[in-house]
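J.: Return a 3D structure for these sequence lines:
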Amino acid sequence: MTLTEQLRLEQAAYVAAVAGKLTDFLTTRQSLMSSISPDIDPLMGSISNLVTGGKRLRALMCYWGWRGAGGGAGSSDVVTAGAALELFQAAALIHDDIIDRSDTRRGGPSVHRRFRELHETQGWALDSERFGHAAAILTGDLCLSFSEESFTEIGQSAAAGSRARLIFNLMRSEVMAGQYLDILEEVAGPRRDRAGAVSRAKSIIRFKSAKYSTEHPLALGGALAGAGDELLRGYSAFALPLGEAFQLRDDVLGVFGDPVTTGKPAGDDLREGKRTVLIAFALDLAGPAESAFIDSRLGSPGLDENDVDEIRRIITDSGALQATEVLIEEFGQAAFAALDVLQLEELPKTALRKLAEAAVSRAA
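T.: The predicted structure follows:
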């Protein structure tokens, strides 16, 4: 069997095991929640729908971090950790869509929009939008609770005081901090020093996305397998710039991506008012009138296709898009250079390289 075939089979087996673990976990919780009331079923259905599919990037980073540190294939511990990461990701997506006022997720309605539509279909009293947001917040909280329950099932290697537990806790705290910095920049950014916008945007992507997308999952898998400090430092040197490149690519796709591929409307990030690195570069590099136009239209409920096209033009003509692509390339090169010096067996090293290549060059 070739290395490529071995990698494909082992990775597919792990992804299937994580999917099975999620199904089993949610099935037991479904019974519990239904015993409270069948009215809870839409919450459980929303969670099940969201954890079905997706790239499984975080779970796979965890798995290959585990394998790179000597963990065996097929271990239940790393499967359970992968399920916990997928549940945490789902909780973050539910809350993120509320914060960003995004009505779509993976080509379908976001959770808060599904609950709003449920309200409207049933003809219930009071405000459907408020109900949608409230129900989605509770669904996200429930999903976050499930993530903790799942991670605790691992046992002693994930117990209080363990390296894995410390990483898992830090990951969750940093995401919340990064999320707050993101919404703060949306409202305070126009009044802040424009010269510092790129630096602030870089900090946001590091803590809101990069660390929990790649760095912490990889380290978590390594820690569960007993990795030492040197290997964990090497994991971080590779995975952090990879996560930053991954999020920068996401930011570019949020403005220039094909809706058929991304599953979101064209220019969705502009309507949501996200002050990404891409936008920060545009505000810094464009002329005063063009920068003022971005500031006046970014996040506007009335943003139309002409406005989206004009902001895209400014981003491109000012050199902001090129500057972001250069930054993606720099982060990618740093990640691959760090991976080259990691002392890993050929299979996990090849797997991490393929994950990294897909993360940096993706179109969705």
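J.: contacting residues around L344?
T.: G68, L352 (C-beta atoms under 8 Å, 6 or more residues apart in numbering). Bear in mind the C-beta positions are built from the backbone N, C-alpha and C, glycine included.
J.: same question, G54
T.: Counting by C-beta under 8 Å, 6+ apart, G54 has contacts E86, Q89, R106.
J.: ok, of those residues, which one's closest to Q156?
T.: E86 (22.4 Å; C-beta to C-beta).
J.: Isn't that closest one up against V51?
T.: Yes. With contact defined as C-beta atoms under 8 Å, E86 counts as touching V51 (5.2 Å).
J.: anything in contact with each of the two?
T.: With C-beta under 8 Å, 6+ apart, E86 and V51 have common neighbours L22.
J.: got a winner among the contacts of G54 for most neighbours?
T.: E86 (26 neighbours; other C-beta atoms under 10 Å).
J.: can you pull the buried residues of stretch 2-17?
T.: L7, E10, Q11, Y14, V15, A17 (16 or more other C-beta atoms under 10 Å).
J.: Work out for me the element the third one sits within.
T.: Counting by DSSP states H and E, the secondary-structure element that holds Q11 is helix 3-36.
J.: List the contacts of P348.
T.: W64, R67, G68 are the contacts of P348 under C-beta under 8 Å, 6+ apart.
J.: Going by neighbour count, which of the residues you listed comes out on top?
T.: When neighbours are counted by other C-beta under 10 Å, W64 leads the contacts of P348 with 30 neighbours.
J.: distance of that one from V175?
T.: In this view, W64 and V175 are 21 Å apart by C-beta to C-beta, to the nearest Å.
J.: Tell me, how many residues neighbour the nearest residue to L248 once chain neighbours are set aside?
T.: Using C-beta to C-beta, 6 or more residues apart in numbering and skipping residues adjacent in sequence, the residue nearest L248 is I328, 4.8 Å away. Residues lying near I328 (other C-beta under 10 Å) number 21.
J.: And for the one 4 residues further on?
T.: Neighbours of G332 under the rule other C-beta under 10 Å: 22.
J.: What pLDDT is listed against it?
T.: At G332, the pLDDT value in this model is 97.
J.: Check the secondary structure at it for me.
T.: helix (DSSP: H, G, I helix; E, B strand; the rest coil).
J.: separation between it and L321?
T.: Going from G332 to L321 by C-beta to C-beta gives 16 Å.
J.: cool, and E244?
T.: For E244 relative to L321 (C-beta to C-beta), the value is 17 Å.
J.: Just want to know which of these two has more residues nearby.
T.: Legend: neighbour count by other C-beta under 10 Å for E244 and L321, higher for E244 (27 against 19).
J.: Just list the residues touching that one, thanks.
T.: Counted by C-beta under 8 Å, 6+ apart, E244 has contacts K202, I205, R206, A210, F331.
J.: just these now: which is nearest G287?
T.: So of the contacts of E244, ranked by how close each gets to G287 (C-beta to C-beta), first place is K202, at 23.4 Å.
J.: was I right about the closest one contacting V277?
T.: Yes. Counting by C-beta under 8 Å, K202 does reach V277; the two are 6.0 Å apart.
J.: Of these two, which one has the most company?
T.: With neighbours defined as other C-beta under 10 Å, K202 and V277 compare such that V277 has more, 25 against 17.
J.: ok, now how distant is the more buried one from L270?
T.: 14 Å.
J.: Please list the residues outside the helix or strand of the chain with the lowest mean pLDDT that contact it.
T.: Here the helix or strand of the chain ranked lowest by mean pLDDT, DSSP states H and E is helix 259-262, holding a mean of 79. With C-beta under 8 Å, 6+ apart as the test, helix 259-262 has contacts from L253, G254, P265, A266, A363, A364.
J.: what's around the nearest residue to the fourth one once chain neighbours are set aside, how many residues?
T.: Using C-beta to C-beta, 6+ apart and skipping residues adjacent in sequence, the residue nearest A266 is P259, 5.1 Å away. Here the count is done by other C-beta under 10 Å, and P259 has 13 residues near it.
J.: just D317 next, same as before
T.: Quick note: D317 (other C-beta under 10 Å) scores 14 neighbours.
J.: okay, it: pLDDT?
T.: Confidence for D317, expressed as pLDDT, is 98.
J.: Can you name the residues that contact the nearest residue to it once chain neighbours are set aside?
T.: Leaving out its chain neighbours, the residue that sits closest to D317 by C-beta to C-beta, 6+ apart is A286, at 7.9 Å. For A286, the contact set (C-beta under 8 Å, 6+ apart) comprises I294, I314, D317, S318, A320.
J.: Just the element for the second one, please.
T.: In this structure, I314 is located in helix 305-317 according to DSSP H and E.
J.: Which neighbouring elements make contact with that helix?
T.: helix 229-256, helix 268-272, helix 277-285, helix 288-297 (3 or more C-beta pairs under 8 Å, 6 or more residues apart in numbering; DSSP states H and E).
J.: one step back: kindly supply the ChimeraX command isolating those of the contacts of A286 that are buried.
T.: If you want just the buried ones from the contacts of A286 in ChimeraX, going by 16+ other C-beta under 10 Å, the selection is:
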select :294,314,318,320
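J.: Counting neighbours, what do you get for L253?
T.: Neighbours around L253, by other C-beta under 10 Å: 18.
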